[in-house]
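>>> quick one: sequence and predicted model below, then my questions.
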Number of protein chains: 2
Amino acid sequence: MFIIVGERINSSRKPIAAALQSKDRPFIRKEAGLQKGAGASMLDVNCAFNSKDEVSDMEWLVRIVQEETGSLPLSIDSPNAKAIEAGLRQHKGKALINSITLEKDRAEAILPIVKKYNADVIVLVMDEKGMPSTAGESIKLVERAIKLTQKHGIPAENLYIDPLVRPISSEPKQALEVLEAVKLIRSEYKIKTICGLSNISFGLPERSTLNSVFLAMMLNAGLDAAILDPLNKKIKAVLKASDALLARDDFCKEYIKSFRSGELK
Amino acid sequence: MFIIVGERINSSRKPIAAALQSKDRPFIRKEAGLQKGAGASMLDVNCAFNSKDEVSDMEWLVRIVQEETGSLPLSIDSPNAKAIEAGLRQHKGKALINSITLEKDRAEAILPIVKKYNADVIVLVMDEKGMPSTAGESIKLVERAIKLTQKHGIPAENLYIDPLVRPISSEPKQALEVLEAVKLIRSEYKIKTICGLSNISFGLPERSTLNSVFLAMMLNAGLDAAILDPLNKKIKAVLKASDALLARDDFCKEYIKSFRSGELK
């Protein structure tokens, strides 16, 4: 099954920042419930922006969201090791850490926490030298990510590689390279891949068209998970149609159900 | 460049059947011009249904369509060798024959005509035993198609393989198998692939959603050409977005132009 990580609980969105500041439980619970209802199997929580105290905000967010969604796993999203550990202490079940890079300081600060809590972890394919330009360069970083997490005693099945989607408006071959990287990571290394989609269309008009077509291609390339807005209608239609096309929807039952509830228009 | 073969001039569509019967030149020319304007680089012409005299209807169609579109190549679409040859005699430039199968009688009747007129030809992957169920079975038929056309002196670059798209409603793994076949044909044999898309969604609701998501996946798999309706808005949006994503649209110029003319909404 494809893993949808709902992206809406992020304090870079104004309504979320406001709800965090006023500790508006019903609003946060509603955002969580809507995403779960729309098929998200994980929810990302990020309070790094517009927060006076990220550590206590993260604790609060994880508690309130799981009040609503029960044991649905959360993706604890922060650059800050302290906020991540605060979230993990609150979290019920196996969480996903979003994210580390191969930059030494960031990786070494967070990997012991990943191990301690037996969490899943997203590794972004970048290091001190920056981001890869080609699928081949990505693969070299993937091999380093595998070795590094192994060294910390983290099993390969806890690993999600993010091949880093960058805008085609400035780098026209980025979609091709990322698609190729996802195919290779799946076929050669049997490791899960995840990404945020919307960067692909940065700087271009009618972004949801590009995002949804790119999602269809990534699903076909073998992407395992994506951080996205499960309430977006175009994205939802692509996900339902893709499940039907990729034989993940017995007798197209879910597709037909979505049609009947008017979600595919 | 991806090759769009416009499918609208087909006498199984009522307005086309009526225009054929009354020899309505302006109507046929308009259908041709609209498809050319929407980006078709070939136009399919089919008058096998609802026709009293397919041979003379085909001659007339080819002449009238090329009056409008100049040297734009046509896809001469018929199960009837006589109608095909009549179309080819009228045709200016290099035509595409749609289609032969590996059934001996059909292939042996049409391949000498393909050779005589130096035409391109679509080979459907089926023989006396029927259609393949898996990508592996398709590939065996592709190898036979290559040998058979070679024997008739037809160069490989004149060949288009149609992997035969069948409904996921009755055969849930068909999309996966066809996608795999297209990837293999491209990577192993360097031969062009073509298909009709819309069969994939037969028997399901909201077909254009499935067709357009499947198109995005097929484009990523390496499909070279498709027979489709270039005036369909969802299909058009996918084609424009895919060109941008697959680095076939410098600086996303065509994508932005389509957005400005309101085609992507």
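Looks like it came in fine.

>>> what about the helices in the stretch 151-265 of chain A?
Listed in chain order, the helices of the stretch 151-265 of chain A (DSSP state H, counting those that start in this stretch) span A:174-184, A:207-221, A:233-245, A:253-260.

>>> which of these sits closest to residue B:220?
Distance to residue B:220, taken as CB to CB, is lowest for helix A:207-221 among the helices of the stretch 151-265 of chain A, at 4.0 Å. From N, CA and C alone the C-beta is placed, and that goes for glycine too.

>>> is the closest one anywhere near chain B?
Yes. For helix A:207-221, a contact with chain B is found by CB under 8 Å from any CB of the partner chain, at A:209, A:210, A:213, A:214, A:216, A:217, A:219, A:220, A:221.

>>> show me what that helix packs onto, helices and strands only.
Secondary-structure packing of helix A:207-221 (3 or more CB pairs under 8 Å, 6 or more residues apart in numbering or on different chains; DSSP states H and E): helix A:174-184, strand A:225-228, helix A:233-245, helix B:207-221, helix B:233-245.

>>> still on that earlier bit, export the helices of the stretch 151-265 of chain A as TSV, with columns for mean pLDDT and mean neighbour count.
As requested, the helices of the stretch 151-265 of chain A are exported to TSV (pLDDT from 0 to 100; neighbours: other CB atoms under 10 Å in any protein chain shown):
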stretch	mean pLDDT	mean neighbour count
helix A:174-184	96	23
helix A:207-221	96	25
helix A:233-245	94	23
helix A:253-260	94	17
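
>>> tell me which residues touch the closest residue to residue A:210 other than its chain neighbours, please.
In this structure, residue A:210 finds its nearest non-sequential neighbour in residue A:201, 3.9 Å apart by CB to CB, 6 or more residues apart in numbering or on different chains. By CB atoms under 8 Å, 6 or more residues apart in numbering or on different chains, the contact set of residue A:201 is A:167, A:168, A:169, A:207, A:210, A:211, A:214.

>>> how does it look with 10 Å?
The contact partners of residue A:201, by CB atoms under 10 Å, 6 or more residues apart in numbering or on different chains, come to A:165, A:167-169, A:175, A:207-214, B:241, B:244-245, B:252, B:255.

>>> tell me which element the nearest residue to residue A:114 once chain neighbours are set aside is part of?
Nearest residue to residue A:114, sequence neighbours excluded (CB to CB, 6+ apart): residue A:121, at 4.6 Å. Residue A:121 belongs to strand A:120-124 when assigned by DSSP states H and E.

>>> parallel or antiparallel, list what pairs with that strand.
strand A:96-100 (parallel), strand A:159-162 (parallel) (DSSP bridges).

>>> pLDDT on it, on average?
Averaged across strand A:120-124, pLDDT comes to 98.

>>> was I right to think residue A:228 contacts residue A:7?
Yes. Counting by CB atoms under 10 Å, residue A:228 touches residue A:7, with 5.8 Å between them.

>>> which residues do those two both contact?
A:40, A:44, A:196, A:197, A:198.

>>> what is the neighbour count of the first one?
Residues lying near residue A:40 (other CB atoms under 10 Å in any protein chain shown) number 24.

>>> which SSE is the nearest residue to it once chain neighbours are set aside in?
Here the nearest residue to residue A:40 in space, its sequence neighbours aside, is residue A:6; by CB to CB, 6+ apart that works out to 3.7 Å. Element membership for residue A:6, per DSSP H and E: strand A:3-10.

>>> next, the angle strand A:120-124 makes with that strand.
Here strand A:3-10 points in a direction 80 degrees away from that of strand A:120-124 (axes from the mean of the first three to the mean of the last three CA atoms, to 10 degrees).

>>> buried ones in strand A:3-10?
Residues A:3, A:4, A:5, A:6, A:7, A:8, A:9, A:10 are the ones in strand A:3-10 that count as buried (16 or more other CB atoms under 10 Å in any protein chain shown).

>>> any idea which of those residues is closest to residue A:127?
Within the buried residues of strand A:3-10, the smallest distance to residue A:127 is 23.9 Å, found for residue A:5 (CB to CB).

>>> that closest one contacts residue A:225, correct?
Yes. With contact defined as CB under 10 Å, residue A:5 and residue A:225 form a contacting pair (6.0 Å).

>>> from the chain's centre, how far out does the helix or strand where residue A:44 lies sit?
Under the criterion of DSSP H and E, residue A:44 resides in strand A:42-46. Offset of strand A:42-46 from its chain centre (CA atoms, centre = their mean, to the nearest Å): 8 Å.

>>> tell me the angle the helix or strand just after it makes with strand A:42-46.
Heading C-terminal from strand A:42-46, the first helix or strand you meet, by DSSP H and E, is helix A:54-69. Note on geometry: by the same axes, to 10 degrees, helix A:54-69 and strand A:42-46 are set 150 degrees apart in direction.

>>> residues of helix A:54-69 that come out buried?
For helix A:54-69, by 16+ other CB under 10 Å, it's A:54-55, A:57-62, A:64-66, A:68-69.

>>> what is the nearest of those to chain B?
residue A:69 (28.3 Å; CB to the nearest CB).

>>> before we move on, back to that, tell me the mean pLDDT over the strand holding residue A:44?
Average pLDDT, strand A:42-46: 98.

>>> mind listing what it pairs with, with the direction of each?
Counting by DSSP bridges, strand A:42-46 is paired with strand A:3-10 (parallel), strand A:74-77 (parallel).

>>> closest to residue B:152 out of those strands?
Of all the strands paired with strand A:42-46, strand A:3-10 sits nearest to residue B:152, with 50.5 Å by CB to CB.

>>> pretty sure residue A:19 contacts residue A:28?
Yes. Between residue A:19 and residue A:28 there is a contact under CB under 10 Å: 5.5 Å.

>>> circling back to that earlier point, need the overlap of contacts for residue A:5 and residue A:225.
A:41, A:42, A:75, A:96, A:122, A:160, A:194.

>>> which two of those residues have the greatest separation?
A:41 and A:122 (15.1 Å).

>>> quick one: which of the two has more around it?
Neighbour count, other CB under 10 Å: between residue A:41 and residue A:122, residue A:122 has more, with 23 against 16.

>>> beta partners of that one?
residue A:98, residue A:160.

>>> so it is in contact with residue A:75, correct?
Yes. At 7.7 Å, residue A:122 counts as touching residue A:75 under the criterion of CB under 10 Å.

>>> shared neighbours of these two, which are they?
By CB under 10 Å, 6+ apart, residue A:122 and residue A:75 have these common neighbours: A:5, A:96, A:97, A:98, A:99, A:160, A:194, A:225, A:227.

>>> pretty sure residue A:126 is touching residue A:140, no?
No. Contact criterion CB under 10 Å: residue A:126 and residue A:140 do not qualify, at 11.7 Å.

>>> and the gap between the single nearest residue of the stretch 51-200 of chain A relative to chain B and residue B:223?
Of all residues in the stretch 51-200 of chain A, residue A:175 sits closest to chain B, at 4.2 Å by CB to the nearest CB. Per CB to CB, to the nearest Å, residue A:175 is found 16 Å from residue B:223.

>>> still on that earlier bit, quick check: the farthest pair among the shared contacts of residue A:228 and residue A:7?
A:40 and A:198 (15.9 Å).

>>> OK, contacts around residue A:215?
Residue A:215 touches A:2, A:195, A:197-198, A:200, A:223, A:226, A:228, A:234-235, A:238-239, A:242, B:213, B:216, counting by CB under 10 Å, 6+ apart.

>>> again, 7 Å this time
A:197, A:226, A:235, A:238 (CB atoms under 7 Å, 6 or more residues apart in numbering or on different chains).
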